[in-house]
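S.K.: Quick one, fold the following:
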Amino acid sequence: MSSNSIKLLAGNSHPDLAEKIANRLGLNLAKIGVYQYSNRETSVTIGESIRDEDVYIIQTGTGQDEINDFLMELLIMIHACKTASARRITAVIPNFPYARQDKKDKSRAPITAKLIANLLQTAGCDHVITMDLHASQIQGFFHIPVDNLYAEPCVLNYIQNHTDFQNVLLVSPDAGGAKRVASLADKLDLNFALIHKERQRANEISRMVLVGDVAGKSCLLIDDMADTCGTLCKAAEVLLDKGAKEVIAIVTHGIFSGNAFERLQNSRLSKIVCTNTVPVSQSIDRLDQIDISPILAEAIRRLHNGESVSYLFTHAPV
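M.R.: Residues are numbered from 1 along each chain as shown. Just a heads-up that it's a prediction; the model follows:
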């Protein structure tokens, strides 16, 4: 791949993923200094010319204390590239920050995902690449193109190669994820079940009701993100109490905030599988990771060369 008209920049949120994407494309990451002054202000210095270049900035929404710092880093990096006369600036955000605040579901609630869209555009972003948005209508908050990629092809490969998938049942831990699970079940020709959950307040579940028969089955809990892991652990309890043989959780974004690792360690889940859209701060013996850098790298290559990206919605690059 020609390296004279494309520049890959990486923030501090996920250097390992940025390195994998660069290696896949046969490029070096551009020289950039992103650091904080003693008063926590973020400073960005780009160490090489990016004038009239096609720039891709890799930064994911992650971290319990640093998520806002990483978002600010991304905005400042975009602005730095804009003022340095980059031809086109694409933000590669595997896990879109604030994606759960996508609607005004109660009085005086902010639609923060829309605010993030406005900030990215105001900073000078021309294009966004992201993965498994919590709500796909977030794409409509932007006035610039947004490519929402899917982890589904990689998840399909994982299920086919690492499970006895003829004898499994797919389960959605909430009504919101039913469409995602139905799509996977359709492609694998499997049945699926659904758990209806009732919340008293955010991040706290009061009751779960299972719709479907799971007796004697290996259950795969499919979700787009695992944050505090309360939903997954409680869902595993419900399924096993209803006669499931084992429960494996497969999620796209393994955020694992608060005491999530402690919960997982004490849970009845046989295994938890996540992609590397977000760095995992500590490892537990039941955790498996799926590498999605080939999908992001191929999306960057296709975008740069003016090729269709929709092929990646159904195929995982080899």
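
S.K.: Can you give me the buried ones in stretch 161-170?
M.R.: Going by neighbour count (16 or more other CB atoms under 10 Å), the buried part of stretch 161-170 is 163, 165, 168-170. Where you see a C-beta, it was placed from the backbone N, CA and C, and this is true even at glycine.

S.K.: What of stretch 256-267?
M.R.: For stretch 256-267, the neighbour count (16+ other CB under 10 Å) marks 256-257, 260-261, 263-264, 267 as buried.

S.K.: quick one: which of those is nearest to T122?
M.R.: Nearest to T122 among these, counting by CB to CB, is S257 at 28.0 Å.

S.K.: Which of the helices or strands spans the closest one?
M.R.: Using DSSP states H and E, S257 maps to neither a helix nor a strand.

S.K.: try A193
M.R.: Per DSSP H and E: A193 is located in strand 192-201.

S.K.: Give me the subset of the buried residues of stretch 161-170 lying in strands.
M.R.: 168-170 (DSSP state E).

S.K.: Adding distance to A109, write those out as TSV.
M.R.: What follows is those, written out as TSV (distance: CB to CB, whole Å):
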residue	distance to A109
V168	38
L169	36
L170	32
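
S.K.: distance between the ends of stretch 25-42?
M.R.: 29 Å (CA to CA, to the nearest Å).

S.K.: circling back to that earlier point, partner strands of the strand holding A193, with direction?
M.R.: strand 168-172 (parallel), strand 204-211 (antiparallel) (DSSP bridges).

S.K.: about what we covered before: now for the buried residues of stretch 256-267: which two are most distant?
M.R.: Applying CB to CB across the buried residues of stretch 256-267, the maximum distance is between S257 and S267, 15.8 Å.

S.K.: on that earlier part again, tell me which of the strands paired with strand 192-201 is the most buried.
M.R.: Comparing these by mean neighbour count (mean count of other CB atoms under 10 Å), strand 168-172 comes out on top with a mean of 25.

S.K.: coming back round to it: mean pLDDT lowest where, among the strands paired with strand 192-201?
M.R.: Of all the strands paired with strand 192-201, mean pLDDT reaches its minimum on strand 204-211 (a mean of 77).

S.K.: The helix or strand that that one is followed by vs strand 192-201, what angle?
M.R.: Where DSSP H and E defines the elements, the next helix or strand beyond strand 204-211 is strand 218-226. Calculated by axes from the mean of the first three to the mean of the last three CA atoms, to 10 degrees, strand 218-226 forms an angle of 40 degrees with strand 192-201.

S.K.: Need the mean per-residue confidence for strand 218-226.
M.R.: What strand 218-226 shows for mean pLDDT is 94.

S.K.: And stretch 113-126, by the same measure?
M.R.: Mean predicted confidence for stretch 113-126 is 98.

S.K.: Just the buried residues of that stretch, please?
M.R.: Those would be 113-114, 116-117, 120-121, 123-126, for stretch 113-126 by 16+ other CB under 10 Å.

S.K.: which one of those residues is nearest L190?
M.R.: Of the buried residues of stretch 113-126, the one sitting nearest to L190 (CB to CB) turns out to be A113, at 32.0 Å.

S.K.: Go through this protein and flag its longest helix.
M.R.: When the chain is parsed with DSSP state H, its longest helix is helix 67-83.

S.K.: State the distance from N266 to V92.
M.R.: Going from N266 to V92 by CB to CB, to the nearest Å gives 35 Å.

S.K.: Show the pLDDT at V280.
M.R.: According to the model, V280 scores 92 on pLDDT.

S.K.: What residues does it make contact with?
M.R.: 254, 256, 274, 287, 289 (CB atoms under 8 Å, 6 or more residues apart in numbering).

S.K.: and the residue nearest to K31 when sequence neighbours are not counted, how many neighbours does it have?
M.R.: Closest residue to K31 apart from its sequence neighbours, by CB to CB, 6 or more residues apart in numbering: G47 at 3.2 Å. Using other CB atoms under 10 Å, G47 is surrounded by 8 other residues.

S.K.: do A99 as well
M.R.: Around A99 there are 21 residues (other CB under 10 Å).
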